[in-house]
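A.B. asks: Provided below are the primary sequence and the corresponding predicted coordinates.
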There are 4 protein chains.
Amino acid sequence: MSCSFGSKFKITVFGQSHSEATGVVIEGVPAGLRLDTDTVEAFLRRRAPGQGAHTTARKEADMPRILSGTVDGVTCGAPLCAIIANTNAHSGDYDALKNRPRPGHADFTAVAKHGASADLRGGGNFSGRMTAPLCFAGAVAKQLLAAQGITIGAHIARLAKIDDTAFDPVAVDAATLNAAAEKAFPVLDDGAGEAMLAAIADAKAAGDSVGGVIECAAVGVPAGWGEPIFDGVENMISHLVFGIPAVKGIEFGSGFVGADLYGSENNDPFTVRDGRIVTASNHHGGALGGITSGMPLVFRAAIKPTPSIAKPQTTVNLQTMREETIAVGGRHDPCIVPRAVPCMEAAMAIALMNLR
Amino acid sequence: MSCSFGSKFKITVFGQSHSEATGVVIEGVPAGLRLDTDTVEAFLRRRAPGQGAHTTARKEADMPRILSGTVDGVTCGAPLCAIIANTNAHSGDYDALKNRPRPGHADFTAVAKHGASADLRGGGNFSGRMTAPLCFAGAVAKQLLAAQGITIGAHIARLAKIDDTAFDPVAVDAATLNAAAEKAFPVLDDGAGEAMLAAIADAKAAGDSVGGVIECAAVGVPAGWGEPIFDGVENMISHLVFGIPAVKGIEFGSGFVGADLYGSENNDPFTVRDGRIVTASNHHGGALGGITSGMPLVFRAAIKPTPSIAKPQTTVNLQTMREETIAVGGRHDPCIVPRAVPCMEAAMAIALMNLR
Amino acid sequence: MSCSFGSKFKITVFGQSHSEATGVVIEGVPAGLRLDTDTVEAFLRRRAPGQGAHTTARKEADMPRILSGTVDGVTCGAPLCAIIANTNAHSGDYDALKNRPRPGHADFTAVAKHGASADLRGGGNFSGRMTAPLCFAGAVAKQLLAAQGITIGAHIARLAKIDDTAFDPVAVDAATLNAAAEKAFPVLDDGAGEAMLAAIADAKAAGDSVGGVIECAAVGVPAGWGEPIFDGVENMISHLVFGIPAVKGIEFGSGFVGADLYGSENNDPFTVRDGRIVTASNHHGGALGGITSGMPLVFRAAIKPTPSIAKPQTTVNLQTMREETIAVGGRHDPCIVPRAVPCMEAAMAIALMNLR
Amino acid sequence: MSCSFGSKFKITVFGQSHSEATGVVIEGVPAGLRLDTDTVEAFLRRRAPGQGAHTTARKEADMPRILSGTVDGVTCGAPLCAIIANTNAHSGDYDALKNRPRPGHADFTAVAKHGASADLRGGGNFSGRMTAPLCFAGAVAKQLLAAQGITIGAHIARLAKIDDTAFDPVAVDAATLNAAAEKAFPVLDDGAGEAMLAAIADAKAAGDSVGGVIECAAVGVPAGWGEPIFDGVENMISHLVFGIPAVKGIEFGSGFVGADLYGSENNDPFTVRDGRIVTASNHHGGALGGITSGMPLVFRAAIKPTPSIAKPQTTVNLQTMREETIAVGGRHDPCIVPRAVPCMEAAMAIALMNLR
C-alpha cells in the first residue's frame, strides 16, 4: 500500500518535505555486500538541490545515514534503513497554501484525501524530496546489478523541444551511459545541452518553467527476466517511475512512434552477433511479452514543467470558494528534469532487482 | 507475483491460449451484487474475435462460466471465479515455432525464461486471449463503479497516423463515452473511423499490420482516490495497462506533449463550476500527485502494430543458430487496436476499484 | 487478501461447498515439472469423504481437472489452475440455516460479515471442502520438495484423550512418515489407532463428535530457510494451518509443554552427527529465530470436535431473536481429524515452498 | 517479505540489537490522529528492560522519536516512521559468539542463512529489542481501536507451572484488562503473581530461566471482521505473534483443551444478552470461520524459557567442529514473559487493524 514497492527487493519510503527526515527501508539486500559509500553519495549528489556553481557548498547535504542492516559497512541480511535529514526546511507559508492550492501541485488533492491534517509544507509526502531515499535504494540496487555486469544510465532526451539525438538503442553500452552520468548536465550531445540550458535560463527569467523527456537504459540484462502478465518489465518499471513526481508518461522502445509504424517496420528481426541471438533493431526496447530479451532495456519518461512558477496563476480559495491570483515564491527549480535523471536510473535499478 | 494484481479488488488471471480454459479469480467483490450478465457479455463481445459482419455467428464464443462466488447470480462475498473455455485452438504449428521465434512476439523471451517447456502455442500465457478474463473482471468492476456514478469509456484516438480529434478532456461525459462503446468501430468522429478502417484493409492486403493509440477516460470519479507514492492513479493504471499485450507506452493528461509546454501553459487553473472546485483545463488528466482531482481521468496507450504479419521476416533457428525467413500464417488481426479498446476500459476499472 | 497466500509459491483458493467447483491457482510452479498424477490423486484421496469400507465406491470423486499451466502434463511456467467439481451437493436446507446459525459453525459470523447474501449452503466458503484445492496445491508442493530430498508426513497424535506416543522428533525419517501416510488410519501405533476408532464410533452413536491433535513433520529441510521477523517458519506455517477449518491451536517443538520447562531443560545442545552440526534433542522443533535448523520441522495442531452434531443444541433465530433448539442433520463426520491429516501436510509443504 | 506485515495497517520493522536504531514504518494510519504520547510511552515502558525498582532510572530509555507522518503531533496520512535509538549496546563478545552458537538462540540459523556477515551481536535482527518498534506500532493501533470502543489487554496465565486462573473469557471487560496492564507484574490474581516472582528468583539464583503462557484478549470487537480463508482472525494474529521471539505455540478459545472435548461440550450455544446475539460460553475464542463473532477475542501464547542461561551448556565450535561448553554471561532476564505481555497486546492490535 502506498509507499512500498516490490517483493524480492522491497522498498518502503517514508517522510515529508518538512518532516524531521525522509528515509527508506530495503528488504531483500543479500548479506555480505560492502556498501560503496562514495558511489552512493556521488549518485545522490546528482539529484541533490543546489547544483552548478554551488555544488561544493552543499556537499554534505542530503547524505544518507544508515540506521540498520549493516555491520561495519557490510550488509548483514537484516533490512537496510537509511535516513536523510531535512535540515533546510522553511515552513513559514504553510497556512497560506492550505486554503489556496497551487495549480499543478498536489495541494488540492492532498486536502481532498487527508482533509485539514494534510501536510502541505513543501509538498509534504508528494515532494520531490521523496526521491532522495528512492535514489539511495537505487544506488544500492545499482551496486548489486553492477556485480552482475549490468549498467544503468540516462540522459535528457528532449527539453524545451530541443532533442539530444545521439542515442542508439542497439549500440548503447556501459561506457556511453557512464559518460553521461559524469556530466554536470547529462546529455550525449553537449551542443544540445547548451541549448537546453539556455532555454531553462530563459524560462527562469520569464518566471516560468520547462519540462522534458528523459531516456533511461540498462545494458547487460540477461534474457528471461520478468513475470507475465502483471509483473513484467513494463509493468514494474512504469509502476515505479510514476512514483517520481511530475512524470506524466512513459514509453518503451519505439513507444508512441511505434504505434504509427507498420508491423513490418516495427518488428525487430532476429540475428546472431558474437554467437548470441540478438535483434538487429531495438523497437521493442529490450522487452517482449514483459520479459527481457537481452537487448538494451530502454524507456523514455515525460516530465511535466515544474508547476511552481513566479508568474501569476488562478486558484480558488477553499474557504471563500472565490478565485484568487497567486504567484508561487520560494526557491524553485525552473526545470527539474536534470535532477530527475538519476531518479529514473534508480527506478530502473529497483525494478530490475524485483524482476530477476 | 506474475498473474495477480491489486489488493482491494484483487485479480488473479490464469490460462494460456491453448489451455483448456482461461479464467480469473476476483477477491474483494462485495456480497449482494447481482451480476448484470447481459452487460458483462456485451462488454466481452467488444473484445471477442470475429467482429464485423460475422459477429452474430460467434455470439456464444468467449462467454464466461462462473464457478464460484455467487448464489443464484448474486455475489456472496467469496472469491468470484469465472472461466472462458478455449474451444477453437489449432495447435498444429507448435513445434515449428519453438525453434523459430517470431519477431515482435514473446516466443524468444518465453524460451529464455521457461526453457523447452514454455508453451508457445498461440502465444501461450502471453496471448491476447488472456485479456478475455481481464475483461470479465473489468466488467464486474465497471458495474460496481457505475453504482457509484462512475462511467468508463475509450475510443481509438489515432490509427495509421489518422487522428480521432473530437475528444475534450474537460467536457467529456458519460453519454459521450457510452456512445463510443456502442459503435462497431469505437471512434468519436466516424469520418476518421472510416479512414482508419481503410488503412487497416490496406495493411491487410499488403500482408502487413498497423498499430494505434487508445484514449480512455473515467468520469464521475470523486477527488481523493489514490495512495502516494507508489499506489497512485498513474502507478496502478500503468501497471495494469502494460499487462495488455502490445502496449508500449502510456501517458496521462497532456503527457509527452505536456513535456514540451511551459509551466504557465501546462498548469491547470482552479475555478468553480456548479459550486464545486474544478480545473479550467485538464492537462493533469485527472490526477495530481497520484490522487484523483475529480476531473475526468484520462490516459492514452500506444499499441504496437500486430507482430503477426504475412510478409516474410528474418528470425534465427534456435537449433542451427542460422537465420531463416518466416511468414506468420494463421488467423491474425491486421490491427488489434479496436479489440484492445474494451481492455483499456477494463484496466481503468480494475485500477479504480483498487484506488478507492 | 482473503483467499490467497504466499509469494514464491502463491496459491489462490476459490469456491464454496455448493458452488459449481472449487479450485486453486498456483503461481510460481517452475516450468518443466511432470505432474505425478497418481501421487496427486492418492494424496487427495486421503482427505476425500467416504473413506473406510466405501473408499472404492467414491474413487473418482474429488479428483482435480487442470485448466491451465501445463502442456501434455508438464508445467510450462504459466499459473497452474486446477478445479474440483462439486457433484454431490444437497442444498435443500439452505433457508432454514440462514435464520438459525449452527453453534460452532461460521453461519453466524458469515451473516455478520456478508449479510443476507452470505452463502451458508454446506458451509459456503468456510467449508472443509475448500481443503480439496488446498491439498492439490500441497501435492504439487510435496512433489517439488521431494525432488530436493524433503519428505513431509503427519499422524494423529491424540484423539479423545488417547495418545499416539511413538513419535520421536529427533529420529523421525522419511520411512516413518511415509508409512503413516499409507495407513487407512494414520497413526504410528496401531493399538492407539484402534482405541481412537472405537472412541469415534462411540461419539457417533451418541450423536456427538470428537476432536484431536495432529502432528506433522518435514525431514530433509536444509538449515537457513525462513525470513525473520514475519516470514519465518512459524509465522508462515501457522498462517496457512489456521486456514484449515476447525484448527484452534498450533505449537512447534516443545510448544506449550516447553513453556513449563527450565531453560536448561528446553535448550537443545549442539552436537556433531555424521560430520554435520545437529541438536541432541529437538525442543525447538526445527526452527530457531524463525529459520530452519536442519533438524526435523515439527508442529502439532489442535482440531476442535466437528461442530455438526445430532444432539440438540441451542441457537437463536435471527428473525425472531428467540432461542430455538436445533439438531444438525445430514452426512457429517463424527471426527474430521483423520481427513485433516493430509491437509496439515499440504500446509507444511506450501509454507516450505514459500520459505525457500 | 521478512520484516513487514499487513495491508490496511502495514508495518515494516527494521533494526538489529546493536544497530544505530530500531524502528518501524506504519502505512495506513489515517490523517488527523493526535498521537497520545503519554500513553504510547507508558505502553513502551511496560516492555522496556530495567523494570522493577529501577524503573525511574531508565525512564528515558527506549522512547520513540517520530521521523515522519505527523505535523505538530497529529498524523497527516503519510507513513508514520518512529525510531528508537540503541544507546546501551555492548558488542564486546561478538567474535566469540560467531563460532560458538548459543543453544536455543538464532546464532546457528542466522549463520546458516546469512553466512559470515550475519549480525549476531545481541541477537541481531532476531533480538527481543525488535519488539520495541512493534510495541510502538501496537500503541498506535491500540489508540485507533480505542476510538472504536475496543480494549486490548493481557496477563500472565501460567509461569513455572503456576496458573493465574481468574480469567473469564465470557465476562472479561475493559476494566479487567486495564487493571492488569497497570500492575508491575501483570496477573489477575496477585497471589499467583507472587508465587511466579518467587519462581523467577529461584531460577535466576540457579543460573537458569523459566517460560510461561500469556493470555491476551480484545473486547468490544464487532462481529464480522476477518477474511476467510487465509486472512482470518487466527491466521493474522498467529502470523504476527510468531514474530515475537520465544513464542512457540498459540491457541484460540479452548484451543488444545478443546481438542479433548466432545462437540456437545465445545460448541458454544447462542443466546440473547442485552438485545444482542452472543454465545453463552466462549470456547471459540471470539472467532468462527476466521471471522469475529463479537465475543471477546482470546488467545494464549506459549513463551519458551529464555535461552540465555548462566548454567554451562554444550555447543559446537563452527571452526573446529568440536563440542565446547559455554555459559552465557551478560545482562539477561531469567524470564522474559512479563516483558512479552505488552508485545502480545501489540500483535493483537496490529492484527485487528488489518482485519477490519
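C.D. replies: In hand now; what should we look at? Numbers count the residues shown, from 1 in each chain, chains lettered A, B, ... in the order given.
A.B. asks: wait, A:A349 sits on A:K142?
C.D. replies: Yes - proximity of A:A349 to A:K142 meets the contact threshold set by Cβ atoms under 8 Å, at 4.6 Å. C-beta here means a position set from N, CA and C on the backbone, and glycine is covered the same way.
A.B. asks: residues near A:A179, how many?
C.D. replies: If you count neighbours by other Cβ atoms under 10 Å in any protein chain shown, A:A179 ends up with 13.
A.B. asks: Not counting its neighbours along the chain, what's nearest A:L33?
C.D. replies: Nearest residue to A:L33, sequence neighbours excluded (Cβ to Cβ, 6 or more residues apart in numbering or on different chains): A:T75, at 4.4 Å.
A.B. asks: cool, and A:A85?
C.D. replies: Spatial nearest neighbour of A:A85, chain neighbours left out: A:A21 (5.0 Å); criterion: Cβ to Cβ, 6+ apart.
A.B. asks: neighbours of that neighbour, just the number please.
C.D. replies: Neighbours of A:A21 under the rule other Cβ under 10 Å: 24.
A.B. asks: re earlier: any idea how far the residue nearest to A:L33 lies from chain C?
C.D. replies: Counting by Cβ to the nearest Cβ, to the nearest Å, the gap from A:T75 to chain C is 15 Å.
A.B. asks: Give me the phi and psi for that residue.
C.D. replies: Backbone geometry at A:T75, expressed as degrees, to the nearest 10, gives phi -70, psi 150.
A.B. asks: give me the number of residues near it?
C.D. replies: Look at A:T75: counted by other Cβ under 10 Å, it has 24 neighbours.
A.B. asks: gap between it and A:H283?
C.D. replies: Noted for A:T75: a distance of 39 Å to A:H283, by Cβ to Cβ, to the nearest Å.
A.B. asks: got it, and A:V210?
C.D. replies: For A:V210, the distance to A:H283 - Cβ to Cβ - is 29 Å.
A.B. asks: Compare these two and say which one has the larger neighbour count.
C.D. replies: Shown here are A:V210 and A:H283; by other Cβ under 10 Å, A:V210 has more neighbours (28 against 22).
A.B. asks: picking that back up, and the residue nearest to A:L33, what does it touch?
C.D. replies: A:V29, A:P30, A:A31, A:G32, A:L33, A:R34, A:L35, A:G69, D:S117 (Cβ atoms under 8 Å, 6 or more residues apart in numbering or on different chains).
A.B. asks: Buried residues, stretch A:172-186. List them.
C.D. replies: Within stretch A:172-186, the residues scored as buried using 16 or more other Cβ atoms under 10 Å in any protein chain shown are A:V172, A:A174, A:T176, A:L177, A:A180, A:A181, A:F185, A:P186.
A.B. asks: rewinding a little: in this structure the residue nearest to A:A85 contacts D:L67, no?
C.D. replies: Yes - when contacts are counted by Cβ under 8 Å, A:A21 is listed as touching D:L67 (4.6 Å).
A.B. asks: anything in contact with each of those two?
C.D. replies: By the contact definition Cβ under 8 Å, 6+ apart, A:A21 and D:L67 are jointly contacted by A:G15, A:I83, D:C81.
A.B. asks: ok, those residues vs A:F43, which is closest?
C.D. replies: Taking Cβ to Cβ as the measure, A:F43 lies nearest A:I83 of these, at 16.7 Å.
A.B. asks: follow-up on the earlier one: where do the contact lists of A:A349 and A:K142 overlap?
C.D. replies: Here A:A349 and A:K142 have A:I152 as joint contacts, going by Cβ under 8 Å, 6+ apart.
A.B. asks: quick one: pLDDT of A:Q51?
C.D. replies: Per-residue confidence (pLDDT) for A:Q51: 58.
A.B. asks: Same check on the one 5 residues further on?
C.D. replies: The confidence metric pLDDT takes the value 36 at A:T56.
A.B. asks: same question, the one 5 residues further on
C.D. replies: pLDDT recorded at A:A61 is 66.
A.B. asks: Check the secondary structure at the most far-flung residue of chain A relative to its centre for me.
C.D. replies: Most distant residue from the mean C-alpha position of chain A: A:T320, 37.5 Å away (Cα atoms, centre = their mean). Put simply, A:T320 is coil when judged by DSSP: H, G, I helix; E, B strand; the rest coil.
A.B. asks: got the contact list for it?
C.D. replies: Going by Cβ under 8 Å, 6+ apart, the list of residues near A:T320 is empty.
A.B. asks: before we move on, which element is A:E41 in?
C.D. replies: Per DSSP states H and E: A:E41 is located in helix A:37-47.
A.B. asks: same check, this time on A:E324
C.D. replies: Remark: A:E324 resides in strand A:322-326, with elements defined by DSSP H and E.
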